[in-house]
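Colleague: coordinates for the following, if possible.
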Amino acid sequence: MRTETVKSDVTVVGGGLAGMNAAIAAARLGLKVALVQNRPVLGGNSSSEVRVWVCGATGHGVNRYARETGIMGELFIENQYRNPEGNPYLWDLTLLEAVKAESNISLFLNTDVREVEAEGEAEDRTIRSVIGWMMGSERLITFESEAFIDCTGDGLVGFLAGADFRLGREARHEFNEEWAPEVPDNITLGSTLLFYTQDTGKPVRYVAPSFAKDITTTSIPIRRVIRSGDSGCHYWWIEWGGELDTVDENERIRDELSSVIYGIWDYIKNSGHFDAENMTLEWVGSIPGKREYRRFVGDTILTQNDILAQREFEDRIGFGGWSIDLHPPQGMYAEESGSKHLHADGIYHIPFSSLYSKNVRNLLFAGRNISASHVAFGTTRVMATCAIMGEAAGTGAAISVIKGVTPREVRKQYMHELQQVMLKQDASIIGLRNEDPLDLARKSEIHASSTMNGILLDRPVEAYKLSHDVGILFPVEGNIRGLKLLVSASIQSELTVELWTTGRAENYVPAECGQVNVIAVQAGEQQWIDVPVQEEQWSSIGAGNIFAIIRANEHLQLHISETPITGVITFERGIKPVVDSALEDHQPDQPVMEWSMKQLVRRHFCFAVETSAYAASKVTDGYVRPFAGPHSWVSEPMTAGRTEWVEARLPDAASVSEIHFTFNDDVNEDLINLHHHETPFLVIPELVKAYNVELLIDGAWQVMFRVKDNHRRKNVHRLEKPALTDAVRIVIHETNGGERAELVEMRIY
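Modeller: Take a look at the predicted model:
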C-alpha cells in the first residue's frame with residue numbers, strides 16, 4: 001500500500017457542483033487546491049451517475065433575471081454551447097474540463113475521505129488533515145491544508161471533525177417557522193433513483209425481475225403521474241427514505257427505489273394502459289440521489305422567515321430563488337402531493353455566516369449541508385444554488401488563508417473585500433456594486449457610438465386576444481414618457497392600463513399601484529393607443545421598473561413582437577400550471593406564480609416608451625446584474641457593416657495591463673444541463689460575438705486584441721506588457737444574433 005501526503009492551501013472534499021465551484025474560486029485567486037471526490041466523475045447528483053437536473057434560482061422560469069452567473073454561469077453557458085441536447089456524459093466532460101483548466105487544482109477522483117485529524121476543545125477545534133483512500137489505486141493519502149471545505153453533501157468531514165450540526169426538522173416555535181412541525185423529529189427528505197427510456201423503433205419485450213414491486217398494490221398509480229414517454233427527472237417523485245436514516249439505511253433505500261423503478265416499467269410496458277410497445281429501458285441509476293442529511297451550524301442559521309422576507313444580509317454572498325420545496329416523509333407512497341411549494345416575491349439572499357462552522361475554526365461548507373433550518377433548506381438544496389455558495393466558500397477560504405485569519409474573522413474584518421472580489425469574478429450577488437478603487441474605468445468618462453433612447457416594438461407577428469390580464473415590465477429613469485400600446489378592437493370598447501411599482505429593486509411583480517387609466521378605443525385594427533401618465537406621480541421614481549397591467553377585455557387584442565428587448569418581460573396572469581397538482585402543490589396567491597412569463601419568453605407585446613435606462617454610463621455604474629433596471633448599455637440597431645463602440649476616457653494617462661468586459665447573456669433565459677428543455681440557439685443572441693479591444697496611444701487608436709466567435713459572458717484581456725494610454729475602447733463588429741450591441745460592464749486595471 002502506498003502512503004503519501006498532499007500539502008495545499010485549501011482542501012475541498014466533495015466534487016459535486018458546490019465543491020467544484022469552491023475549488024475553482026480558490027484556485028483562481030492563486031491558491032493551491034486539492035479537490036477530493038469519492039466518485040470517478042465530477043458533478044455529484046448532476047453527473048451521469050445520478051442525472052438530476054441542475055436547478056437554481058430561476059425555478060424553471062418562475063423567477064425573473066435569476067440565472068446564476070460567476071462560475072456556475074460559465075458552466076451553464078459552456079454546456080449550452082457544447083451540449084444543447086443535454087447528453088449527461090457531455091455534461092461530465094464540461095465539468096471535468098472546467099477543473100482541468102485550473103493549473104492550481106490537483107484533482108483526486110475515486111478518493112474517499114474516511115478520517116479527519118482535528119484538535120482542540122469541542123467549542124474551538126481545528127482540522128489539521130483529512131485522510132482519503134483512493135479506490136483502485138490502493139493509495140492512502142493525507143491532505144494537509146490551512147482551510148478545509150466540506151462539500152460532501154452528507155457532511156462527513158465536518159462530522160468527523162466535531163462540527164456542530166443538525167439533523168431532521170426543527171420545532172415550529174424555535175424559529176417561528178409556519179411550515180415547521182409542532183414537535184421536532186429526525187425526518188428528512190428522501191432519496192431518489194432515476195431512469196431513462198428510449199424508443200427503439202421496433203417492438204421490445206420486458207420481463208420484470210423477481211424483485212420488481214407490483215405498484216398496483218400501492219398508491220403510486222393513483223397518486224402519481226406515470227407516462228410512457230417520460231424519463232429522467234420527470235420521475236423525481238420516485239423518492240423514499242425520509243423516515244429512515246438516509247446514510248445508515250442507504251442500501252435499503254436503494255433496493256426499495258430500484259424495485260419500484262422496475263415495477264413502474266413493468267406497469268408501463270405490460271399493463272396495456274400505455275403506448276409503449278417500442279420503448280425500452282436505456283439506463284437505470286444505481287446511486288441514490290440524496291436530498292438531505294446533516295446541516296452544519298454556522299454563526300447564522302438561515303430560516304423560512306429570512307427567505308420569505310428576502311432579508312438583505314450585510315454579509316450576503318449570493319442568492320437563491322427556488323421555492324421552499326418540501327416533500328412528504330413517505331415519499332412516493334404518500335397520499336398527499338409529491339411536493340409542496342412556497343415562493344418568495346423574488347430571489348432571496350444567502351449570508352457568508354451560513355457557510356462556515358461555528359466551532360471548527362478552519363472549516364467551511366457549501367451545498368446541502370449549510371447552516372439552515374430544515375424548512376429553509378427546502379430551497380437552498382438545489383444544485384445551482386449550492387454551486388454559487390461553493391464559489392463564495394472557496395473565495396472566503398482563499399481570503400482566510402491569504403490574510404491568516406479564520407472565516408469568522410473574514411466576515412468581521414474583510415467582508416467588503418470578499419464581496420468585491422466575488423463581484424470582480426462576476427459572482428451572483430444582488431444589490432451590491434463594484435467599488436474597486438483600482439478600477440480605472442470607474443473614474444473615466446464614458447462615450448458610445450449610439451444609445452437606445454427608447455423602447456419601440458412595432459413589428460407585430462401575431463394577434464393576442466386579451467382574454468385574461470397581462471403585464472409588461474419595462475425599465476424607466478425618472479418620468480415615464482411616450483407610453484403607447486398597439487391595440488386592435490372588434491367593437492368600440494375600453495382599455496384599462498394600470499401602472500405599478502415592483503417594491504424591492506430585485507423583484508419583478510406588481511407591488512403598489514400608482515395609476516389607473518381607462519382609455520376609450522375605437523373599433524379598428526392595430527391602433528397605437530396613448531397611455532396618459534401622471535408625471536408628478538412618477539417624477540421621483542429614479543431608476544426602476546414599471547409593471548404595467550393590461551386588464552382583460554374580450555373585445556381587444558394586443559400584438560406580439562418576436563424582437564427581444566433587454567429589460568422587458570411580458571407576463572400572463574392566471575395561466576394554469578403545466579405540472580399536475582398530484583406532483584406539485586403550489587401555495588395560492590403567490591405573485592411569482594400568479595404572473596407567469598413562461599409562455600412569452602423573448603416575446604413581447606408591441607408597445608413604446610421613452611427611457612434613458614440603456615445609457616453608456618451603465619457600463620461603469622457598478623452593477624453586473626439587473627437590479628432596479630437592466631444595467632446594460634444598448635446601442636441602436638446594428639445595420640449591415642456598421643460597428644458600435646464604447647470607450648472610457650481616463651482622467652489622466654495611465655499604465656494599463658488588464659481589461660475586463662462583461663457581456664449581456666440574458667440572465668432571464670432559463671438554462672439547464674440535461675433534458676428538461678432546449679433553447680432554439682446555441683449561444684445567447686445578445687452576447688457579443690466579434691470585437692476588437694483598442695487603446696489610445698500617442699493620439700492614435702491601436703488594436704490590442706481581436707476576438708472572433710465569442711460565446712462567453714465575461715472576458716478578461718491581459719496585455720503582455722503594460723501600455724500607457726489615455727483611453728480604452730471596445731469596437732463591436734457582430735453579435736450572436738441580437739439586433740443591438742450590448743455591454744454590461746467594463747473594468748480597467
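Colleague: all helices of this protein, in order?
Modeller: Secondary structure of the chain (DSSP state H): helices located at 17-28, 70-82, 88-100, 156-161, 172-175, 220-223, 250-270, 304-309, 374-380, 383-403, 407-413, 415-424, 535-538, 591-594.
Colleague: would you list every one of the strands in the stretch 201-350 of the chain?
Modeller: Assigned by DSSP state E, counting those that start in this stretch, the strands in the stretch 201-350 of the chain fall at 239-240, 279-284, 295-296, 316-320, 324-326, 339-342, 348-351.
Colleague: what is the fifth one packed up against?
Modeller: Spelled out, that is strand 324-326. strand 339-342, helix 374-380 (3 or more Cβ pairs under 8 Å, 6 or more residues apart in numbering; DSSP states H and E). Glycine gets a C-beta too; all of them are placed from N, C-alpha and C.
Colleague: in CSV: the ones you listed, plus distance to Ala98 and mean pLDDT.
Modeller: Shown next, in CSV, are those (distance: least, Cβ to Cβ, whole Å; pLDDT from 0 to 100):
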stretch, distance to Ala98, mean pLDDT
strand 339-342, 31, 95
helix 374-380, 23, 98
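Colleague: out of those, which is the most enclosed?
Modeller: helix 374-380 (a mean of 26; mean count of other Cβ atoms under 10 Å).
Colleague: what sits up against that helix?
Modeller: Contact with helix 374-380 is made by 166, 168-170, 175, 177, 179-180, 188-189, 292, 295, 301-304, 306-307, 320-326, 348, 350, 368, 370, 372, 385-386, 389, as judged by Cβ atoms under 8 Å, 6 or more residues apart in numbering.
Colleague: between the helices and strands packed on strand 324-326, which gets nearest to Arg625?
Modeller: Proximity to Arg625 (Cβ to Cβ) singles out helix 374-380 among those, at 19.3 Å.
Colleague: and that closest one, how far out from the chain's middle?
Modeller: 16 Å (Cα atoms, centre = their mean, to the nearest Å).
Colleague: export the helices of the chain to a markdown table and tack on distance to Leu42?
Modeller: Formatted as a markdown table, these follow (distance: least, Cβ to Cβ, whole Å):
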| stretch | distance to Leu42 |
| --- | --- |
| helix 17-28 | 6 |
| helix 70-82 | 11 |
| helix 88-100 | 4 |
| helix 156-161 | 18 |
| helix 172-175 | 35 |
| helix 220-223 | 33 |
| helix 250-270 | 21 |
| helix 304-309 | 29 |
| helix 374-380 | 21 |
| helix 383-403 | 12 |
| helix 407-413 | 24 |
| helix 415-424 | 22 |
| helix 535-538 | 50 |
| helix 591-594 | 32 |
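Colleague: least confident of those helices, on average?
Modeller: Mean pLDDT values for the helices of the chain show the minimum at helix 535-538, a mean of 79.
Colleague: would you put the C-alpha positions of the helix or strand of the chain with the lowest mean pLDDT in PDB?
Modeller: None of the helices or strands of the chain scores lower by mean pLDDT, DSSP states H and E than helix 535-538, at a mean of 79. The C-alpha coordinates for helix 535-538 follow below in PDB (Å, rounded to 0.1, in the frame of the first residue of the first chain):
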ATOM      1  CA  GLU A 535     -45.800  62.800 -14.400                       C
ATOM      2  CA  GLU A 536     -46.000  64.200 -10.900                       C
ATOM      3  CA  GLN A 537     -46.800  60.700  -9.700                       C
ATOM      4  CA  TRP A 538     -43.600  59.200 -11.200                       C
END
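Colleague: which one of the helices of the chain is the most hemmed in?
Modeller: Taking mean count of other Cβ under 10 Å, helix 17-28 is the most buried of these, at a mean of 31.
Colleague: got any ranges where the protein has weak pLDDT?
Modeller: Within the chain, the stretches with pLDDT under 70 are 576-578.
Colleague: and stretch 134-153, what's buried?
Modeller: Using 16 or more other Cβ atoms under 10 Å as the test for burial, stretch 134-153 gives 134, 139-153.
Colleague: give me every residue that touches the residue lying closest to Asn21 once chain neighbours are set aside.
Modeller: Distances taken as Cβ to Cβ, 6 or more residues apart in numbering put Gly390 closest to Asn21, at 3.5 Å, once the chain neighbours are dropped. Residues counted as contacts of Gly390 (Cβ under 8 Å, 6+ apart) are 17-22, 25, 71, 149, 151, 366-367.
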